[in-house]
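Undergrad: Return atomic coordinates for the entry below.
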Amino acid sequence: MVLSKSEVVDVLKGVIYFAKGDNIVDLGMLDGLELGEGSISFRLVFPRTDEPAVNIVINSANKALIEAFGEDIRIDIKPVSEKEKGRGPLSGVKYLIAVASGKGGVGKSTVAANLAIALARSGAKVGLVDADIYGPSIPMMFGVEGQQPGVFEREGKPVIVPIEKFGIKLLSIGFFVDTNKPLVWRGPMATSALNQLLSDADWGVLDFLIIDLPPGTGDIQLTLAQSYSVTGAVVVTTPQKLAFADVKRAASMFNQEKLHIPLLGLIENMAYFTPQDAPDKKYYIFGKGHGERFASELGIPLLGQIPIVEQITEGGDSGNPIALDDESPVARSFADIAHTVRNRITAILLQK
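TA: I've put the predicted structure just below:
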């Protein structure tokens with residue numbers, strides 16, 4: 001029995017890839033379909049091949065084909081990644097870096113914004129996604145509030161064009177909603193928004209795409225870990241034990257076997273106070289050595305310590321992040337952190 005491709009395609013249209021809410025044919029996941037005497041073979045293209053959904057989708061496709069054409073049909077389905085095929089909205093992105101924290105108020109978005117700028121100033125091509133769906137702050141930090149990303153059509157589907165500022169491509173849910181009103185969304189709506197920011201945008205060729213995650217260990221973190229090939233995560237804490245207790249939970253989530261994302265290291269924000277008129281002085285108002293101890297407990301490097309200085313707040317509020325200021329010791333700290341992050345990525349990739 002030799003089948004026609006249209007018959008096989010019609011059957012496969014009934015197989016849903018729930019991560020993107022559509023069937024594998026219309027999503028363009030079906031690749032290299034070949035039919036022989038009593039045989040069907042093809043590839044399925046996934047964002048990443050180590051996600052749990054791969055086996056679920058392949059088993060569903062097998063079951064659907066057997067039900068349609070009988071148990072004697074020979075079926076060969078091979079999963080491949082979008083990166084292997086040179087496909088997907090993130091196929092031009094070399095490294096995907098998540099910036100996470102266990103709780104709000106530790107300066108995670110400030111770290112994400114200034115790390116992106118430090119990487120860009122080192123010569124890298126950088127993008128930044130504000131995935132803090134319920135509290136987007138990147139538009140304010142970059143002085144692009146009220147701006148609207150462009151949109152064009154590709155193969156009948158709308159594609160978002162990120163806003164560019166300081167040489168960095170930016171996207172945030174804050175560009176699309178009224179930030180003066182609370183965003184009352186259930187989990188599926190939030191994860192759909194994340195997928196649009198990542199998958200429905202024209203990111204082009206980037207060395208780094210930084211993802212500013214919301215606090216905690218919720219749907220956004222799970223979707224990112226399961227559906228995208230994340231190179232590594234940077235976790236942010238302040239010196240207080242309470243903050244670190246929440247950071248431990250976030251780090252533990254990334255270390256789960258089915259969600260594993262390598263931890264690049266820990267950044268201690270608000271590590272000490274430095275007066276503007278005495279930049280060489282350090283006052284450890286929350287105690288000294290917490291960052292080193294926290295990093296050691298997690299078994300990861302301490303990437304750097306960021307002091308409390310007035311200019312950080314001023315820079316974020318004015319749309320000019322402090323990493324732009326060559327005279328600031330904080331900018332030099334972020335430059336050092338960017339260099340260390342590059343080295344950590346190299347070391348982790350060599351271990352694979």
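
Undergrad: If I look at Ala100, what pLDDT would I see?
TA: Listed pLDDT for Ala100 reads 89.

Undergrad: thought it was touching Gly218?
TA: No - here Ala100 lies out of contact with Gly218, judged by C-beta atoms under 8 Å, at a distance of 11.2 Å. Where you see a C-beta, it was placed from the backbone N, CA and C, and this is true even at glycine.

Undergrad: More neighbours: which of these two?
TA: Ala100 (27 against 16; other C-beta atoms under 10 Å).

Undergrad: show me what contacts the more buried one?
TA: 108, 213, 221, 233-236, 250, 254 (C-beta atoms under 8 Å, 6 or more residues apart in numbering).

Undergrad: Wait, Val15 touches Val57, no?
TA: Yes - contact status for Val15 versus Val57: in contact at 6.4 Å, counting by C-beta under 8 Å.

Undergrad: what residue ranges in the chain score low on pLDDT?
TA: The chain contains residues with pLDDT under 70 at 1, 88, 155, 178-187, 217, 257-259, 352.

Undergrad: For it, which helix extends over the most residues?
TA: helix 329-351 (DSSP state H).

Undergrad: My guess is Met29 contacts Phe42. True?
TA: No - applying C-beta under 8 Å, one finds Met29 not in contact with Phe42, separated by 9.7 Å.

Undergrad: Between those two, tell me which one has more neighbours.
TA: It is Met29, of Met29 and Phe42, that has more neighbours when counted by other C-beta under 10 Å, with 25 against 21.

Undergrad: wait, what's in contact with that one?
TA: Counted by C-beta under 8 Å, 6+ apart, Met29 has contacts 17, 44-46.

Undergrad: If we use 10 Å, what do you get?
TA: Contact analysis of Met29 by C-beta atoms under 10 Å, 6 or more residues apart in numbering lists 12, 15, 17, 20, 22-23, 42-47, 57, 61, 79-80, 82, 87.

Undergrad: Let me know the helix or strand that Pro188 is in.
TA: In this assignment (DSSP states H and E), Pro188 forms part of helix 187-199.

Undergrad: Give the other helices and strands that that helix contacts.
TA: Using 3 or more C-beta pairs under 10 Å, 6 or more residues apart in numbering; DSSP states H and E, the elements in contact with helix 187-199 are strand 126-130, strand 157-161, strand 168-172, strand 206-212, helix 219-227.

Undergrad: ok, the first one: who's next to it in the sheet?
TA: By that I understand strand 126-130. Strand 126-130 sits in its sheet next to strand 168-172 (parallel), strand 206-212 (parallel), going by DSSP bridges.

Undergrad: mind giving me JSON lines with the ones you listed and columns for mean neighbour count and distance to Ala335?
TA: Converted to JSON lines, the strands paired with strand 126-130 look like this (neighbours: other C-beta atoms under 10 Å; distance: least, C-beta to C-beta, whole Å):
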{"stretch": "strand 168-172", "mean neighbour count": "25", "distance to Ala335": "15"}
{"stretch": "strand 206-212", "mean neighbour count": "24", "distance to Ala335": "14"}
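
Undergrad: Wait, Gly123 touches Phe208, no?
TA: No - if you go by C-beta atoms under 10 Å, Gly123 and Phe208 don't touch, sitting 11.3 Å apart.

Undergrad: Send me stretch 228-235 as PDB with only the CA atoms.
TA: In PDB, the C-alpha atoms belonging to stretch 228-235 read as follows (Å, rounded to 0.1, in the frame of the first residue of the first chain):
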ATOM      1  CA  TYR A 228      13.000  27.200  24.500                       C
ATOM      2  CA  SER A 229      16.700  26.300  24.300                       C
ATOM      3  CA  VAL A 230      18.000  28.500  27.200                       C
ATOM      4  CA  THR A 231      21.800  28.600  27.400                       C
ATOM      5  CA  GLY A 232      21.800  29.500  31.100                       C
ATOM      6  CA  ALA A 233      20.300  31.500  33.900                       C
ATOM      7  CA  VAL A 234      21.600  34.300  36.100                       C
ATOM      8  CA  VAL A 235      20.000  34.600  39.500                       C
END
